[in-house]
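>>> Can you look at this prediction? I've put the sequence above it.
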Amino acid sequence: MEKERESWNRRYREGSHGSREPDPFLLRAYENYVRPLFSRTGTALDVAGGLGRHAIWLARRDWRVSLIDVSEVGLAKARENAGRLDDRIELVRADMKKFSAGRRRYDLVLVFFYLERKIFPELMKALRPGGLLIYKTYTGGQRKFKGGPSHPLHLLKENELLKAFSRLRVLYYSETIRDRGVAQFVGRKRQS
């Protein structure tokens, strides 16, 4: 964990991952799935959320968000970026490789450009019945492009998210290789 933490601290200090704008996929997923399914805002978990671009966007819409990241530099910048919204965002420094949902349940779980297969079952547990998982990360198709990861441990296999979260009702799924190799997934936990 220490090596990874230092690597991300360095990246955040250097500003290589400095975007404050939410990923366009979150905006589309929110409009198409979150807004229609949730008449009221709820709680969200932002996995490996870095500078808080997604957590802050949700907090502006009255969601209570737990942002977990390995980097204290990223979390400090997230706190700074949140400004007056920091009372709606819980910042937690933790190694996501050891993530356990425990007793906490969320209406919405976000994972953007992070892949740790060991925690897939915990992400499922973290969802309340009726909750949504919004996931976007690189696929093996990314090897054709510059930037992003190239090691297979950090790249999804074909349809891997569909298989990993087969117990969720799939609301949206796409794999593309246009500008980069990515998979995008929205799934809903059944309400028993």
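Arrived safely, thanks for sending.
>>> Could you point out the helix or strand that follows the longest strand along the chain?
Identified as the longest strand of the chain according to DSSP state E is strand 127-138. Later in the chain than strand 127-138, the nearest helix or strand by DSSP states H and E is helix 160-164.
>>> and the most centrally placed residue in the chain, what does it touch?
Nearest to the mean C-alpha position of the chain, by C-alpha atoms, centre = their mean, lies Val111 at 1.7 Å. By C-beta atoms under 8 Å, 6 or more residues apart in numbering, Val111 lies in contact with Val47, Ala48, Leu123, Leu133, Ile134, Tyr135, Lys136, Thr137. Using the backbone N, CA and C atoms, a C-beta is placed for each residue, glycine as well.
>>> in stretch 22-29, what counts as buried?
Pro22, Asp23, Phe25, Leu26, Ala29 (16 or more other C-beta atoms under 10 Å).
>>> wait, is the last one part of a helix?
Pointing back at Ala29 there. Yes. Assessed by DSSP: H, G, I helix; E, B strand; the rest coil, Ala29 belongs to a helix.
>>> Check what pLDDT it gets.
At Ala29, the pLDDT value in this model is 98.
>>> For the protein, give me the ranges with low pLDDT.
Regions of the chain meeting the criterion pLDDT under 70 cover residues 1, 8-9, 12, 16-19, 143, 149-150.
>>> now the strands for it?
Secondary structure of the chain (DSSP E): strands at 43-47, 64-69, 89-93, 106-112, 127-138, 169-176, 182-188.
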